[in-house]
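Trainee: Structure, please.
(one chain, ligands or ions: 1)
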Amino acid sequence: MVSLNSGAGSTVTVTDTGVARHGAGLAVRDAVVRYTRPRDGLWRPARAGTTAVDHVWLEVDEGEIVALLGPSGCGKSSLLRAVAGLEPLAGGTVRWDDADLAGVPVHRRQFGLLFQDGQLFPHRDAGRNVAYGLEAQHVPAPERARRVAGLLDLVGLTGYERRRVATLSGGERQRVALARALAPSPRLLLLDEPLSALDRRLRERLAADVRRVLKETGTTALFVTHDHEEAFAVADRVGVMSDGRLLQVATPDELREKPASRDVAEFLGLS
Ligand SMILES: Nc1ncnc2c1ncn2[C@@H]1O[C@H](COP(=O)(O)OP(=O)(O)OP(=O)(O)O)[C@@H](O)[C@H]1O
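Mentor: Reported below is the predicted structural model:
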(Lines give C-alpha, C1' and ligand atoms only; values in the text may rest on other atoms or scores of the structure.)
Protein backbone atom coordinates (compact mmCIF):
# COMPACT_ATOMS: atom_id res chain seq x y z
CA MET A 1 0.00 0.00 0.00
CA VAL A 2 1.32 3.46 -0.92
CA SER A 3 0.13 6.82 0.38
CA LEU A 4 0.43 9.96 -1.69
CA ASN A 5 -0.12 13.42 -0.41
CA SER A 6 -2.59 14.92 -2.83
CA GLY A 7 -2.22 18.44 -1.47
CA ALA A 8 -4.55 20.41 0.81
CA GLY A 9 -3.68 17.95 3.57
CA SER A 10 -5.68 15.06 2.10
CA THR A 11 -4.24 11.64 1.47
CA VAL A 12 -4.93 9.21 -1.35
CA THR A 13 -4.23 5.62 -0.40
CA VAL A 14 -3.43 3.21 -3.21
CA THR A 15 -4.26 -0.29 -2.02
CA ASP A 16 -2.74 -3.59 -3.18
CA THR A 17 -5.60 -3.90 -5.64
CA GLY A 18 -4.63 -0.56 -7.14
CA VAL A 19 -7.86 1.13 -6.09
CA ALA A 20 -7.35 4.62 -4.71
CA ARG A 21 -9.23 5.26 -1.48
CA HIS A 22 -9.61 8.87 -0.38
CA GLY A 23 -9.14 9.47 3.34
CA ALA A 24 -8.80 5.73 4.14
CA GLY A 25 -7.82 5.02 7.74
CA LEU A 26 -7.79 7.29 10.76
CA ALA A 27 -7.93 11.07 10.60
CA VAL A 28 -7.79 13.18 13.75
CA ARG A 29 -8.56 16.78 12.93
CA ASP A 30 -7.96 19.67 15.30
CA ALA A 31 -8.73 17.47 18.32
CA VAL A 32 -9.02 19.02 21.78
CA VAL A 33 -9.43 17.04 25.03
CA ARG A 34 -10.04 19.04 28.15
CA TYR A 35 -10.54 17.90 31.74
CA THR A 36 -12.61 20.23 33.84
CA ARG A 37 -11.82 18.44 37.11
CA PRO A 38 -8.41 17.39 38.36
CA ARG A 39 -7.82 13.62 38.39
CA ASP A 40 -8.18 13.37 42.20
CA GLY A 41 -11.49 15.23 42.11
CA LEU A 42 -10.31 17.89 44.57
CA TRP A 43 -11.29 21.40 43.62
CA ARG A 44 -8.31 23.70 43.10
CA PRO A 45 -9.49 26.81 41.22
CA ALA A 46 -6.07 27.76 39.87
CA ARG A 47 -5.63 24.33 38.19
CA ALA A 48 -9.27 23.51 37.63
CA GLY A 49 -9.00 22.94 33.87
CA THR A 50 -6.37 20.95 31.95
CA THR A 51 -6.08 20.95 28.18
CA ALA A 52 -4.58 17.50 27.72
CA VAL A 53 -4.80 17.47 23.89
CA ASP A 54 -4.37 20.83 22.24
CA HIS A 55 -5.53 21.09 18.59
CA VAL A 56 -3.91 17.91 17.29
CA TRP A 57 -3.99 16.79 13.64
CA LEU A 58 -2.91 13.23 12.85
CA GLU A 59 -3.48 10.68 10.09
CA VAL A 60 -2.84 6.96 10.25
CA ASP A 61 -3.14 5.19 6.90
CA GLU A 62 -4.56 1.70 6.61
CA GLY A 63 -1.85 -0.83 7.48
CA GLU A 64 0.36 1.82 9.05
CA ILE A 65 1.77 1.80 12.60
CA VAL A 66 2.10 5.22 14.20
CA ALA A 67 3.61 5.73 17.66
CA LEU A 68 2.72 8.62 19.95
CA LEU A 69 5.81 9.48 21.92
CA GLY A 70 6.30 11.98 24.72
CA PRO A 71 6.99 12.46 28.41
CA SER A 72 4.53 11.58 31.15
CA GLY A 73 1.54 13.90 31.19
CA CYS A 74 1.96 15.23 27.62
CA GLY A 75 -1.46 13.91 26.57
CA LYS A 76 -0.67 10.69 24.69
CA SER A 77 -3.21 8.54 26.54
CA SER A 78 -5.85 11.25 26.35
CA LEU A 79 -5.50 11.38 22.57
CA LEU A 80 -5.64 7.59 22.31
CA ARG A 81 -8.68 7.46 24.57
CA ALA A 82 -10.40 10.15 22.50
CA VAL A 83 -9.78 8.09 19.34
CA ALA A 84 -11.26 5.05 21.13
CA GLY A 85 -14.32 7.08 22.14
CA LEU A 86 -13.50 6.75 25.85
CA GLU A 87 -12.92 10.50 26.25
CA PRO A 88 -15.20 13.16 24.74
CA LEU A 89 -13.71 15.75 22.39
CA ALA A 90 -13.97 19.40 23.40
CA GLY A 91 -13.19 20.29 19.79
CA GLY A 92 -12.27 18.75 16.43
CA THR A 93 -13.16 15.36 14.97
CA VAL A 94 -12.03 11.75 14.85
CA ARG A 95 -12.81 10.13 11.51
CA TRP A 96 -12.44 6.64 10.06
CA ASP A 97 -12.50 6.29 6.28
CA ASP A 98 -13.66 9.90 6.26
CA ALA A 99 -16.75 9.19 8.40
CA ASP A 100 -17.05 11.23 11.59
CA LEU A 101 -17.13 8.97 14.65
CA ALA A 102 -18.86 11.51 16.91
CA GLY A 103 -21.76 9.66 18.49
CA VAL A 104 -20.37 6.22 17.59
CA PRO A 105 -19.89 4.43 20.94
CA VAL A 106 -16.66 2.63 21.85
CA HIS A 107 -17.96 -0.86 21.09
CA ARG A 108 -19.23 0.10 17.63
CA ARG A 109 -15.97 1.64 16.38
CA GLN A 110 -14.44 -1.80 15.65
CA PHE A 111 -11.24 -0.63 17.31
CA GLY A 112 -9.16 -2.92 19.54
CA LEU A 113 -7.57 -1.79 22.80
CA LEU A 114 -4.49 -3.05 24.58
CA PHE A 115 -3.24 -1.53 27.84
CA GLN A 116 -0.12 -1.80 29.99
CA ASP A 117 -1.67 -4.58 32.02
CA GLY A 118 -3.36 -6.69 29.36
CA GLN A 119 -6.23 -7.32 31.79
CA LEU A 120 -6.72 -10.96 30.89
CA PHE A 121 -9.76 -12.75 32.28
CA PRO A 122 -8.25 -14.72 35.19
CA HIS A 123 -10.91 -17.44 35.13
CA ARG A 124 -10.36 -18.26 31.43
CA ASP A 125 -7.31 -20.13 30.13
CA ALA A 126 -5.08 -18.47 27.50
CA GLY A 127 -7.02 -19.96 24.59
CA ARG A 128 -10.39 -18.85 25.91
CA ASN A 129 -9.02 -15.36 26.49
CA VAL A 130 -8.04 -15.17 22.83
CA ALA A 131 -11.40 -16.69 21.84
CA TYR A 132 -13.39 -14.04 23.72
CA GLY A 133 -14.03 -11.65 20.81
CA LEU A 134 -14.69 -14.55 18.45
CA GLU A 135 -17.38 -15.92 20.79
CA ALA A 136 -19.02 -12.49 20.78
CA GLN A 137 -18.98 -12.63 16.95
CA HIS A 138 -20.57 -16.14 17.10
CA VAL A 139 -17.70 -17.71 15.16
CA PRO A 140 -18.39 -21.50 15.15
CA ALA A 141 -16.28 -23.55 17.60
CA PRO A 142 -14.05 -25.44 15.09
CA GLU A 143 -13.22 -22.22 13.22
CA ARG A 144 -12.64 -20.47 16.57
CA ALA A 145 -10.20 -23.15 17.71
CA ARG A 146 -8.33 -22.89 14.42
CA ARG A 147 -8.06 -19.11 14.67
CA VAL A 148 -7.03 -19.17 18.35
CA ALA A 149 -4.26 -21.67 17.54
CA GLY A 150 -3.10 -19.48 14.64
CA LEU A 151 -3.04 -16.33 16.78
CA LEU A 152 -1.17 -18.03 19.64
CA ASP A 153 1.30 -19.30 17.07
CA LEU A 154 1.68 -15.79 15.65
CA VAL A 155 2.55 -14.29 19.07
CA GLY A 156 5.06 -17.07 19.83
CA LEU A 157 2.88 -19.11 22.21
CA THR A 158 2.18 -22.24 20.19
CA GLY A 159 0.24 -24.80 22.22
CA TYR A 160 -0.59 -22.44 25.10
CA GLU A 161 -4.38 -22.89 24.72
CA ARG A 162 -4.93 -24.62 28.06
CA ARG A 163 -2.44 -22.61 30.12
CA ARG A 164 -3.97 -20.85 33.11
CA VAL A 165 -3.41 -17.10 33.22
CA ALA A 166 -1.91 -17.30 36.73
CA THR A 167 0.93 -19.47 35.39
CA LEU A 168 1.98 -17.03 32.63
CA SER A 169 4.92 -14.59 32.87
CA GLY A 170 4.34 -10.86 32.33
CA GLY A 171 5.62 -11.07 28.76
CA GLU A 172 3.47 -14.11 27.99
CA ARG A 173 0.40 -12.35 29.37
CA GLN A 174 0.96 -9.38 27.06
CA ARG A 175 1.40 -11.76 24.12
CA VAL A 176 -1.94 -13.39 24.96
CA ALA A 177 -3.50 -9.94 25.36
CA LEU A 178 -2.16 -8.96 21.91
CA ALA A 179 -3.60 -12.14 20.36
CA ARG A 180 -6.94 -11.47 22.08
CA ALA A 181 -7.01 -7.88 20.80
CA LEU A 182 -6.24 -9.04 17.25
CA ALA A 183 -8.74 -11.93 17.20
CA PRO A 184 -11.79 -9.91 16.06
CA SER A 185 -9.64 -8.26 13.31
CA PRO A 186 -10.07 -4.67 14.56
CA ARG A 187 -9.85 -2.02 11.86
CA LEU A 188 -7.56 -0.06 14.22
CA LEU A 189 -5.60 -1.34 17.22
CA LEU A 190 -4.92 1.17 20.00
CA LEU A 191 -2.01 0.20 22.27
CA ASP A 192 -1.34 2.24 25.43
CA GLU A 193 2.14 1.52 26.85
CA PRO A 194 1.62 -2.23 26.30
CA LEU A 195 5.22 -3.09 27.21
CA SER A 196 6.02 -0.65 29.98
CA ALA A 197 5.45 -3.11 32.84
CA LEU A 198 8.17 -5.40 31.44
CA ASP A 199 11.92 -5.25 31.97
CA ARG A 200 14.13 -3.57 29.37
CA ARG A 201 15.47 -6.66 27.57
CA LEU A 202 12.05 -8.25 27.30
CA ARG A 203 10.63 -4.93 26.10
CA GLU A 204 13.11 -4.75 23.25
CA ARG A 205 12.34 -8.30 22.14
CA LEU A 206 8.60 -7.82 22.40
CA ALA A 207 8.69 -4.48 20.56
CA ALA A 208 10.19 -6.24 17.53
CA ASP A 209 7.62 -9.04 17.86
CA VAL A 210 4.71 -6.59 18.13
CA ARG A 211 5.81 -4.91 14.91
CA ARG A 212 6.16 -8.26 13.11
CA VAL A 213 2.71 -9.40 14.29
CA LEU A 214 1.02 -6.12 13.30
CA LYS A 215 2.65 -6.19 9.87
CA GLU A 216 1.87 -9.88 9.27
CA THR A 217 -1.79 -9.26 10.10
CA GLY A 218 -1.88 -5.94 8.16
CA THR A 219 -3.17 -4.21 11.29
CA THR A 220 -3.44 -0.42 11.43
CA ALA A 221 -2.19 0.71 14.84
CA LEU A 222 -1.65 3.67 17.13
CA PHE A 223 0.96 2.86 19.79
CA VAL A 224 1.53 5.07 22.86
CA THR A 225 4.91 5.01 24.59
CA HIS A 226 7.28 7.29 26.51
CA ASP A 227 10.32 5.30 25.28
CA HIS A 228 11.80 6.54 21.98
CA GLU A 229 13.76 3.31 21.30
CA GLU A 230 10.49 1.40 21.59
CA ALA A 231 8.66 3.86 19.32
CA PHE A 232 11.43 3.58 16.70
CA ALA A 233 11.39 -0.24 16.90
CA VAL A 234 7.62 -0.56 16.47
CA ALA A 235 6.38 2.28 14.27
CA ASP A 236 6.48 3.35 10.63
CA ARG A 237 6.05 6.96 11.78
CA VAL A 238 6.40 8.55 15.20
CA GLY A 239 4.48 11.57 16.51
CA VAL A 240 6.33 13.49 19.23
CA MET A 241 4.04 15.16 21.77
CA SER A 242 4.71 17.79 24.39
CA ASP A 243 2.21 19.67 26.54
CA GLY A 244 -0.79 18.41 24.58
CA ARG A 245 0.67 19.42 21.22
CA LEU A 246 1.97 17.24 18.43
CA LEU A 247 5.38 18.73 17.60
CA GLN A 248 6.39 16.52 14.68
CA VAL A 249 5.24 13.36 12.91
CA ALA A 250 7.92 11.60 10.86
CA THR A 251 9.67 8.31 10.21
CA PRO A 252 12.31 7.27 12.76
CA ASP A 253 15.08 8.11 10.24
CA GLU A 254 13.63 11.55 9.49
CA LEU A 255 13.31 12.27 13.21
CA ARG A 256 16.91 11.29 13.88
CA GLU A 257 18.19 13.30 10.91
CA LYS A 258 15.90 16.32 11.03
CA PRO A 259 14.23 16.93 14.38
CA ALA A 260 11.88 19.86 13.83
CA SER A 261 12.85 21.68 17.02
CA ARG A 262 15.21 21.64 19.96
CA ASP A 263 12.40 20.18 22.11
CA VAL A 264 12.10 17.19 19.79
CA ALA A 265 15.88 16.68 19.63
CA GLU A 266 16.16 16.91 23.40
CA PHE A 267 13.40 14.43 23.99
CA LEU A 268 15.00 11.97 21.57
CA GLY A 269 18.35 12.41 23.33
CA LEU A 270 19.90 13.87 20.17
CA SER A 271 21.13 17.19 21.52
N1 LIG B 1 -9.28 11.79 34.06
C2 LIG B 1 -8.54 12.90 34.17
N3 LIG B 1 -8.97 13.95 34.90
C4 LIG B 1 -8.23 15.08 35.02
N5 LIG B 1 -7.04 15.26 34.43
C6 LIG B 1 -6.55 14.24 33.70
C7 LIG B 1 -7.26 13.00 33.53
N8 LIG B 1 -6.52 12.18 32.75
C9 LIG B 1 -5.40 12.87 32.45
N10 LIG B 1 -5.40 14.08 33.00
C11 LIG B 1 -4.37 15.13 32.87
O12 LIG B 1 -4.22 15.39 31.49
C13 LIG B 1 -2.84 15.54 31.16
C14 LIG B 1 -2.43 14.48 30.12
O15 LIG B 1 -2.52 13.20 30.72
P16 LIG B 1 -2.31 11.85 29.87
O17 LIG B 1 -2.55 10.70 30.78
O18 LIG B 1 -3.11 11.94 28.63
O19 LIG B 1 -0.76 11.96 29.49
P20 LIG B 1 0.26 10.84 29.07
O21 LIG B 1 1.23 11.48 28.16
O22 LIG B 1 -0.46 9.65 28.57
O23 LIG B 1 0.96 10.51 30.46
P24 LIG B 1 1.43 9.09 31.07
O25 LIG B 1 2.50 8.58 30.16
O26 LIG B 1 1.93 9.46 32.43
O27 LIG B 1 0.19 8.25 31.09
C28 LIG B 1 -2.06 15.42 32.47
O29 LIG B 1 -1.88 16.74 32.97
C30 LIG B 1 -3.01 14.65 33.36
O31 LIG B 1 -2.81 14.96 34.73
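
Trainee: if I look at the closest residue to the ligand within the stretch 151-271 of the chain, how far off is Val33?
Mentor: In the stretch 151-271 of the chain, the residue that lies nearest the ligand is His226 (5.2 Å; Cβ to the nearest ligand atom). Bear in mind the C-beta positions are built from the backbone N, C-alpha and C, glycine included. According to Cβ to Cβ, to the nearest Å, His226 and Val33 sit 18 Å apart.

Trainee: These two - which one has more neighbours?
Mentor: Val33 (23 against 18; other Cβ atoms under 10 Å).

Trainee: which stretch of helix or strand covers Phe223?
Mentor: Element membership for Phe223 (DSSP states H and E) is strand 221-225.

Trainee: Each with direction, which strands does that strand pair with?
Mentor: Partners of strand 221-225 in the sheet, by DSSP bridges, are strand 65-69 (parallel), strand 188-192 (parallel).

Trainee: Give me the contact list for the last one.
Mentor: Looking back up the chat, that one is strand 188-192. For strand 188-192, the surrounding residues in contact (Cβ atoms under 8 Å, 6 or more residues apart in numbering) are 25-26, 60, 76-77, 80, 83-84, 96, 109-116, 181-182, 210, 214, 219-224.

Trainee: Try it again at 6 Å.
Mentor: Applying Cβ atoms under 6 Å, 6 or more residues apart in numbering, the contact partners of strand 188-192 are 26, 77, 80, 84, 111-115, 181, 219-224.

Trainee: now do the first one
Mentor: For strand 65-69, the surrounding residues in contact (Cβ under 6 Å, 6+ apart) are 60, 76, 214, 221-225, 228, 231, 234-241.

Trainee: Mind listing what's buried along the strand holding Phe223?
Mentor: Using 16 or more other Cβ atoms under 10 Å as the test for burial, strand 221-225 gives Ala221, Leu222, Phe223, Val224, Thr225.

Trainee: Settle this for me: the first one is touching Leu214, isn't it.
Mentor: Yep, that's Ala221 we're talking about. Yes. Using Cβ atoms under 6 Å, Ala221 is in contact with Leu214, at 5.2 Å.

Trainee: Compute the inter-axis angle for the lengthiest helix in the chain and strand 188-192.
Mentor: Criterion DSSP state H: the longest helix present in the chain is helix 200-216. On the basis of axes from the mean of the first three to the mean of the last three Cα atoms, to 10 degrees, helix 200-216 is oriented at 170 degrees to strand 188-192.

Trainee: list the helices and strands helix 200-216 packs on?
Mentor: Contacts defined by 3 or more Cβ pairs under 6 Å, 6 or more residues apart in numbering; DSSP states H and E place helix 200-216 against helix 228-234.

Trainee: roughly how far out does the helix it packs on sit from the chain middle?
Mentor: 13 Å (Cα atoms, centre = their mean, to the nearest Å).

Trainee: ok, now stretch 259-271?
Mentor: Centroid separation between stretch 259-271 and its chain, computed with Cα atoms, centre = their mean, is 23 Å.

Trainee: Contacts only, for Ser170.
Mentor: I think there's a mix-up here, since residue 170 is Gly and not Ser. Contacts of Gly170 by Cβ under 6 Å, 6+ apart are Leu198.

Trainee: and it, backbone torsions?
Mentor: The phi/psi pair for Gly170 (degrees, to the nearest 10) reads phi -60, psi -40.

Trainee: before we move on, what about Asp125?
Mentor: According to degrees, to the nearest 10, Asp125 has phi -80, psi 180.

Trainee: Wait, it touches Arg162, no?
Mentor: Yes. Using Cβ under 6 Å, Asp125 makes contact with Arg162 at a distance of 5.2 Å.

Trainee: more crowded one of those two?
Mentor: Counted by other Cβ under 10 Å, Asp125 and Arg162 do not tie: Asp125 has more neighbours, with 19 against 9.

Trainee: so what's that one bridging to?
Mentor: Arg164.

Trainee: Can you pull the phi and psi angles for Met241?
Mentor: The phi/psi pair for Met241 (degrees, to the nearest 10) is phi -110, psi 150.

Trainee: Local confidence estimate at the closest residue to Leu101 other than its chain neighbours?
Mentor: Spatial nearest neighbour of Leu101, excluding adjacent residues (Cβ to Cβ, 6 or more residues apart in numbering): Val94 at 4.9 Å. On the pLDDT scale, Val94 is placed at 98.
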